[in-house]
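Trainee: Model the following, please.
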Amino acid sequence: MGKSLKDNYIEFSKNHGGTHALISKGIKKGIVNSIMRGSIPKANELYEVAKVLGVTVEELLTGDNPDVVLLQDKDEKEYVEKLLRIFREKQDKTIVAIKQNIEAFLDNPDKEKDIKKNIKHSGQ
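Mentor: Predicted structure coming up:
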C-alpha cells in the first residue's frame with residue numbers, strides 16, 4: 001500500500017519550508033489544514049498544491065512518479081544529483097559544455113576509452 005496524501009504532502013513540503021509554509025505561497029490555510037487532518041481537497045485545490053510543490057497531482061496523491069528513473073547504485077545517484085545541481089546552479093556556458101560532452105559520449109561510446117588513455121598518458 002502506498003503512502004497517504006498527508007504523508008506525501010509532508011515529504012514534498014520539506015523542500016519548501018514545511019507543511020504550513022505553502023500558505024505564504026498562496027495556498028489557503030484551510031486546504032493545508034484539511035490535508036494535515038487526512039482529507040483530500042477538491043481537484044482544483046489539489047492541483048494548486050501540487051503546482052506549488054512542483055510535483056504532479058499523481059505524485060501528490062500516490063507518491064509515485066512514472067517519470068522517475070530508478071538509479072542502479074550509490075555512484076549513479078551521486079553523479080545524477082551532481083549533474084542536477086550543475087544544471088540548476090551553473091552558468092549557460094557550463095551547461096552547454098556538459099551537454100556537448102554527454103552527446104559526444106553517446107555518439108561515440110569509445111570516447112570514454114580514449115579519454116582514459118589520455119588521462120593515463122598525461123599522468124606519466
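Trainee: what's the helix or strand for the residue nearest to residue 94 when sequence neighbours are not counted?
Mentor: In this structure, residue 94 finds its nearest non-sequential neighbour in residue 86, 6.5 Å apart by C-beta to C-beta, 6 or more residues apart in numbering. Any C-beta I mention is one placed from the backbone N, CA and C, and that applies to glycine too. Residue 86 is part of helix 74-89, with elements assigned from DSSP states H and E.
Trainee: what's the helix or strand following that helix packed up against?
Mentor: Next helix or strand after helix 74-89 toward the C-terminus (DSSP H and E): helix 92-107. Secondary-structure packing of helix 92-107 (3 or more C-beta pairs under 8 Å, 6 or more residues apart in numbering; DSSP states H and E): helix 74-89, helix 111-122.
Trainee: now the first one, how far from the chain's geometric center?
Mentor: The reference is to helix 74-89. 10 Å (C-alpha atoms, centre = their mean, to the nearest Å).
Trainee: just checking, what packs against that helix?
Mentor: Partner elements for helix 74-89 (3+ C-beta pairs under 8 Å, 6+ apart): helix 92-107.
Trainee: Only C-alpha atoms, please: export the helix it packs on in CSV.
Mentor: The C-alpha trace of helix 92-107 is given here as CSV (Å, rounded to 0.1, in the frame of the first residue of the first chain):
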residue,chain,number,x,y,z
ASP,A,92,24.9,28.7,-19.5
LYS,A,93,28.4,28.0,-20.9
THR,A,94,29.0,25.3,-18.3
ILE,A,95,25.7,23.6,-19.2
VAL,A,96,26.4,23.8,-22.9
ALA,A,97,29.8,22.2,-22.3
ILE,A,98,28.3,19.4,-20.3
LYS,A,99,25.6,18.8,-22.9
GLN,A,100,28.2,18.6,-25.7
ASN,A,101,30.3,16.1,-23.7
ILE,A,102,27.2,13.9,-23.0
GLU,A,103,26.3,14.0,-26.7
ALA,A,104,29.9,13.1,-27.6
PHE,A,105,29.9,10.2,-25.3
LEU,A,106,26.6,8.9,-26.6
ASP,A,107,27.6,9.4,-30.2
